[in-house]
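Trainee: Build me a structure from this.
(4 chains)
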Amino acid sequence: MKLPTFPGGIHPLDNKATTATKALVNCSLPNELIVPMLQHIGAPAACCVTVGQQVAKGEQIGTAVGPVSVPIHAPTSGEVIAIEPRLHPVGRPLPAVVIRPDGDERWHKGLQGYDPDSLNPDELRQLLQQAGIVGLGGATFPTHIKLSPPPDRRIDTLIINGVECEPYLTGDHRLMLEEGSKIVDGILILRQILGVNQVILAIENNKPDAIDAMRKLCLKTPIEVQPLPVKYPQGAEKQLIEAITGRQVPSGKLPMDCGAVVQNVGTAAAVSTAVRQGRPLIERITTVTGTGVRNPQNLRAVIGTPLSHLIEQCGGFSDDPGKIILGGPMMGNSQISLEVPVIRGTSGLLVLRHQDVSIKKPGPCIRCGQCVKVCPIHLQPTVIALCARLGLIERADSYNALDCIECGCCTYQCPATLPLVQSIREIKGAIMEHKRKH
Amino acid sequence: MDKALYISSSPHIHSGVTTDKIMRLVIYALLPAVAVAVIFFGLPALKVLLICTLGCVACEALCCKLMKQPVSIGDGSAALTGILLALNLPPSSPWWMALLGAAIAIIIGKMIFGGLGYNPFNPALVARVVLLISFPIQMTSWTAPAPLSMGFDALSSATPLGEMKSAVMLTGQLPEMATSGFDRYFYGLMAGSLGEVSALVLLLGGLFLIFKRVITWHIPVSFIGSVIVMAGIFWLIDPTRYPSPLFHLLTGGLMLGVFFMATDMVTSPITARGMLIFGCGCGLLTVLIRLFGGYPEGVSFAILLMNAATPLIDRYTRAEIYGDHHHDRGGLQ
Amino acid sequence: MLAAVACLGGIGLVAATALGIAAKKFAVEVDPREAAILAALPGVNCGACGEPGCSGYARAVAEGRLAPNLCPPGGQQTAEALADILGIKIKVKEPAVAVVICQGGDNLARQKYHYLGLEDCNAAQKLAGGPKSCPGGCLGLGSCVRACLFGAITMTPEHLAVIDRDKCTGCEQCLKACPRQVMIMAPKTVTTHVLCNSHDKGAEVRKYCQVGCIGCNICKKTVPEAYTIDNLLARVNYAQADNAALAIAKCPMKCIRDLVDNNSAEKPGSDETVPAG
Amino acid sequence: MVSLILILVSAVFVNNFVLARFLGICPFLGVSKKVETSIGMGMAVIFVMAVASVVTWFIQYFILAPFNLDYLQTIAFILVIASLVQLVEMIVQKASPVLYQSLGIFLPLITTNCAVLGVAVLNIQNSYSFIESLVFAIGAGIGFTLAMVLFAGLRERIDLCPVPDAFRGTAIALITAGLLSLAFMGFAGLVKI
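Mentor: Numbers count the residues shown, from 1 in each chain, chains lettered A, B, ... in the order given. The predicted model follows:
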């Protein structure tokens, strides 16, 4: 049977074998945790502790500001030793609470678990917001917002994203193998909140063990496990919706506008923990991998752990690191320092050796059309990038630059090694500014 | 952490297929045709090949120096243009003509527009057409292929298309050579440019390129398809006056044009639909010019004309983007 | 003869009647001053006036929405010409040029990482705040060079922007293009400038740049009225800059320069006594 | 019927006014910076050519020829064409101010455009009938538009190219026009008239 998919996309080497077979390892506590107030899309949380204050594990240290925001919690018990801007994964210092752990792992008193059946959807949503649940696939969009469609939108499909199409990353894969039942529980809670019948768990078929495991766990539930062919960016929200339902999210709109909601498997597991145990999102699974790491593995690390500690846990660098990437190699950010902490969106830490970094200078576009062929949005990346280089804002807009999802397929494929995505990102900023002005 | 880290925008990995690799593959695909040309036409063919290739590379290096840019001959595109140009010239071309062609191809055809990637017309074809119009005698004196001879005492001969054209002009009837015995054309026993002789090796080279995903099937299939349809219609109307589609496919520069000139990425459309339109246009114009035009061979003119139309094709064949069913196509501003 | 005259005359008469009727029917009103203003403008469409191009500015001036002295490329002459067309008097703007307040080329200032990607300062700035360790230093990727419509900016081999003061029209396009505000506008008559854009503490500055201002106050002590120290960074007080050049020789970091008189001090980098970074 | 088609094909492709006869080069180079503008200009030229050839045909055969005033042909034709262009200019200015602005000086220049006069004169020289004249004029106009739109497409692309400074602007436009004309050489001999 032919598996459903979307047009376009690429097939990079997945490099997952090194970590996919290794069991999850709990990362030890570092001497100092750096917890930024911005770990989600939306308004940063407002700090509500003072320097010198003792905090308990799971205690709120930042409160949500406005509806599109979530609180931040202390990842462990200890003392607040500083509240100051620290280097954030985005590349510049942002406000953060620095905590020195006391090693007691003392949980906050007020945390309390519930039976989801005893709660109505609104209470559940509020619970999720208070627990700081955000999309753990990397986008970190607050989950309660995604689960609150306006009354005029009818949601008929809940898609659970276990695709993990980024090369190198295997965190979701391990999670499905080791904590599948928690994921299933979380999915059922999400289904209850949305009130939908159709629930589809999508997994790329390069993870046959995960497909088998999840199929077994989903036997008695309404969840349908759907294998998908291996292709990047299958896990991107819009592409996943197209592959599963055949529908397209209207340009400039949200997935709920075509009746679908997508949630990551990691998010589902976090939802289960938040509801059943009342525990907020204070840890996540991060794949520490790449040629530059001596002993690559999947770590369960608390939020705020500095990257240097993760590297230490994995046996240190194997050689001079050339590039340190937070996230996957296709959409992750390269970092200038190991003092950056793990945050809710940190799905992986990829270290490339100096000799692995391609430093080829970009050449002229030879109009080969590869970028057009692989673009999952059917844009003409080379034309937009050319407009960007020449500052032709209106022309770039007419080529729908704003619809670009920055998946990186075009740049991966470009024989001239042009930084197409970077150009498009630049012109997108310029177009938005232009539209604000006029 | 002694050395400074690299920072770049995502993505951080690359497919490894680069421009110079693509150019190298195209050159590999042309090697069989080059070998056949040298075997059939002997040393004169080799001479033309060398002059064109070296001439193109030298001209590009010179232009880069004059324009104070980094010398770009390393990407292999100049050498490729040189080989393609040589394959478009008769084996008996004098050295100065080959050299002039190389200069025209690189300077007027390519560097003047800013170098690789910016030329609107295929440089080798520009040079060929300029030479054809400027030196009609030298450009249309053909020698008969004589496998494994040195080629200095070659007999002059006419190309199948030329023979057909003059016969039809004189008698209104097809000559016998245009109605039967196509197998020798397929293997390459006919007069013509270096790259016109053997449809077989060119076909193999083209299939290699498609297999290696350097080119897509769109242009070759639509080009060949439209030639078959167009030539077929005329052939069915009057088989004594118009030759069969097979004759069209095997003679002249069609195979070279289909797989190596029309598929030139720089000068052909970037969308799949655009490529189909481009290929069809090439095929129709080729047959029209061959059957009714003043020149016996129309492939180069057809491709150049479609090159000229490429920006417009690109403009009006933009794909419907994801999530936009009512996209206003073609509007630039 | 008569036939010819009658014939051509007849044709002419018919044509003239037709045109006359059409002129009435399809009449479009145009402000004649707008065309005159457009003709008087330099026509470079730089956008310095705030309108999308010269024709937009011409319309705005004709309609009285904008003042006629807002065209820096045209300068005083254009302003006067426009004022004549409108029949008003205007104040003349003092000519200003852009100044790059950074001397930290690749040889003198440290890079904090190897940047790979788009040759564009704004794009580089978004990646961890730009490759230069100094938060204010020139990134040298040439966004200002491309923004300048008059070819007045060039890049040195050390990736430092240099402005040709004769070509600069003061249109401020480079200021808009620069993500780090390394360009400032200064009166053309003032030629002495403090060429540094870092507000960091002296010790910090010394770590990453050999020619950065350390906020040592020596220039201000030398010529008090000509210098101000703003948050550890010296600036020339352009209103009273007559004696500013006296401090050039005193600056320990060699970051005060006379941009016209090159002999007033030796070039940075050529001097062995420059403190190493 | 066949002869009409041949006239049309000949005027559009084989003896393309711009690329084979080199008439009307001025607006061809001047108004071909953008595809939209060039389409507008092409339409204006088709209209002017058609109307001009109709009017001049009548003037030739009903005024000039009967009174033996053939020697007045050029001046009379220019008079007619000039008036027509004025008319078109007024209509365009009213109907599409944007097009009017982008055509700029080149709209009045159609007045003295050799292409329009060429059509009128060639009609008479080739002794075309009324219908043939009309078809020839429309064909010439279509050929002009075709060349212009192709060329505008090429120029829009070249605008984005790093052409060496010395060749920027008109120089590269002329070279491109030359190459386009070279490509049109392929149509030579397609129709024998």
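Trainee: Quick check: the residue of the stretch 101-250 of chain C nearest chain B.
Mentor: residue C:116 (3.9 Å; Cβ to the nearest Cβ). Bear in mind the C-beta positions are built from the backbone N, C-alpha and C, glycine included.
Trainee: can I assume that residue is in contact with residue B:4?
Mentor: No - the pair residue C:116 and residue B:4 does not pass the contact test of Cβ atoms under 8 Å, sitting 11.8 Å apart.
Trainee: So between the two, which is more surrounded?
Mentor: A count of neighbours by other Cβ atoms under 10 Å in any protein chain shown puts residue C:116 above the other of residue C:116 and residue B:4, at 24 against 16.
Trainee: for residue A:370, what are its contacts?
Mentor: Residue A:370 makes contact with A:410, A:413, A:414, A:415, according to Cβ atoms under 8 Å, 6 or more residues apart in numbering or on different chains.
Trainee: nearest to residue A:214, of those?
Mentor: residue A:413 (31.7 Å; Cβ to Cβ).
Trainee: What sits closest to that closest one if chain neighbours are left out?
Mentor: Counting by Cβ to Cβ, 6 or more residues apart in numbering or on different chains, residue A:413 lies nearest to residue A:370, which is 4.4 Å off, once chain neighbours are set aside.
Trainee: and the closest residue to residue C:111 other than its chain neighbours, what is it in contact with?
Mentor: Distances taken as Cβ to Cβ, 6+ apart put residue C:131 closest to residue C:111, at 5.0 Å, once the chain neighbours are dropped. By Cβ under 8 Å, 6+ apart, the contact list for residue C:131 reads B:7, C:111, C:112, C:113, C:114, C:115, C:124, C:139.
Trainee: Buried among those? Make that a ChimeraX selection.
Mentor: This is how ChimeraX selects the buried members of those, with burial counted by 16 or more other Cβ atoms under 10 Å in any protein chain shown:
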select /B:7 /C:111,112,113,114,115,124,139
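Trainee: Filter the contacts of residue C:131 down to the ones in strands?
Mentor: Members of the contacts of residue C:131 lying in strands (criterion: DSSP state E): B:7, C:114, C:115.
Trainee: and the first one, what are its bridge partners?
Mentor: Each beta-bridge partner of residue B:7 is listed here: residue C:115, as defined by DSSP bridges.
Trainee: sorry, back to before: and the furthest pair within the contacts of residue A:370?
Mentor: Spatial extent of those (Cβ to Cβ) is set by the pair A:410 and A:415 at 11.3 Å.
Trainee: could you measure residue A:222 against chain C, distance?
Mentor: Separation of residue A:222 from chain C (Cβ to the nearest Cβ, to the nearest Å): 44 Å.
Trainee: For chain B, see how far away the residue lying closest to that residue once chain neighbours are set aside is.
Mentor: Closest residue in space to residue A:222, ignoring its immediate chain neighbours: residue A:199 at 5.8 Å, by Cβ to Cβ, 6+ apart. When distance is defined by Cβ to the nearest Cβ, residue A:199 is 23 Å away from chain B.
Trainee: returning to what we had before: I'd like the ones in strands among the contacts of residue C:131 laid out as JSON lines, including pLDDT.
Mentor: Putting the ones in strands among the contacts of residue C:131 into JSON lines (pLDDT from 0 to 100) gives the following:
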{"residue": "B:7", "pLDDT": "91"}
{"residue": "C:114", "pLDDT": "90"}
{"residue": "C:115", "pLDDT": "92"}
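Trainee: need the helices for the stretch 101-250 of chain C, in chain order.
Mentor: Along the stretch 101-250 of chain C, counting by DSSP state H, counting those that start in this stretch, helices occupy C:121-126, C:143-147, C:173-177, C:202-208, C:218-222.
Trainee: Out of the ones you listed, flag the one nearest chain A.
Mentor: Proximity to chain A, assessed across the helices of the stretch 101-250 of chain C by Cβ to the nearest Cβ, is greatest for helix C:121-126 (5.1 Å).
Trainee: Where does residue B:15 sit: helix, strand or coil?
Mentor: coil (DSSP: H, G, I helix; E, B strand; the rest coil).
Trainee: sorry, back to before: and residue A:115, which of the helices of the stretch 101-250 of chain C is closest to it?
Mentor: Taking Cβ to Cβ, helix C:121-126 is the member of the helices of the stretch 101-250 of chain C nearest to residue A:115, at 46.7 Å.
Trainee: That closest one packs against which elements?
Mentor: Judged by 3 or more Cβ pairs under 8 Å, 6 or more residues apart in numbering or on different chains; DSSP states H and E, the packing partners of helix C:121-126 are helix A:420-437, helix C:143-147.
Trainee: what's the domain layout of chain B?
Mentor: Chain B breaks down by automatic domain parsing into domains covering B:19-139, B:158-316.
Trainee: if we can go back for a sec, tell me the spacing between the residue nearest to residue C:111 and residue C:199.
Mentor: 19 Å (Cβ to Cβ, to the nearest Å).
Trainee: Repeat that for residue C:13.
Mentor: The gap separating residue C:13 from residue C:199 is 80 Å, by Cβ to Cβ.
Trainee: what ranges do the helices span in the chain?
Mentor: I'll assume chain A. Assigned by DSSP state H, chain A shows helices spanning A:17-20, A:121-130, A:143-146, A:171-178, A:180-194, A:208-218, A:237-245, A:265-272, A:307-313, A:370-374, A:381-390, A:393-398, A:409-413, A:420-437.
Trainee: The intended chain is chain D.
Mentor: D:2-9, D:25-30, D:35-58, D:73-95, D:97-103, D:106-109, D:114-125, D:130-158, D:170-184.
Trainee: Go through the ones you listed and find the least confident stretch.
Mentor: Ranked by mean pLDDT, the helices of chain D bottom out at helix D:106-109, with a mean of 70.
Trainee: Quick one: neighbours of the residue in chain D that chain C sits nearest to, just the number.
Mentor: Nearest to chain C, among the residues of chain D, is residue D:83, at 3.5 Å (Cβ to the nearest Cβ). Residue D:83 has 22 neighbours, counted by other Cβ under 10 Å.
Trainee: was I right about it contacting residue C:19?
Mentor: Yes - between residue D:83 and residue C:19 there is a contact at 5.9 Å, judged by Cβ under 8 Å.
Trainee: now whatever residue of the stretch 101-250 of chain A ends up closest to chain B, nearest residue through space, not along the chain?
Mentor: Per Cβ to the nearest Cβ, residue A:248 is where the stretch 101-250 of chain A lies closest to chain B, at 4.4 Å. Distance criterion Cβ to Cβ, 6+ apart; nearest residue to residue A:248, sequence neighbours excluded, is residue B:323 at 4.4 Å.
Trainee: Return the residues in contact with that neighbour.
Mentor: Contacts of residue B:323 by Cβ under 8 Å, 6+ apart are A:238, A:248, A:249, A:250, A:251, A:252, A:253, A:377, A:403.
Trainee: List only buried entries from the residues you listed.
Mentor: Buried, going by 16+ other Cβ under 10 Å: A:238, A:248, A:249, A:251, A:377, A:403, out of those.
Trainee: so the fifth one makes contact with residue A:404?
Mentor: Which is residue A:377. Yes - at 6.4 Å, residue A:377 counts as touching residue A:404 under the criterion of Cβ under 8 Å.
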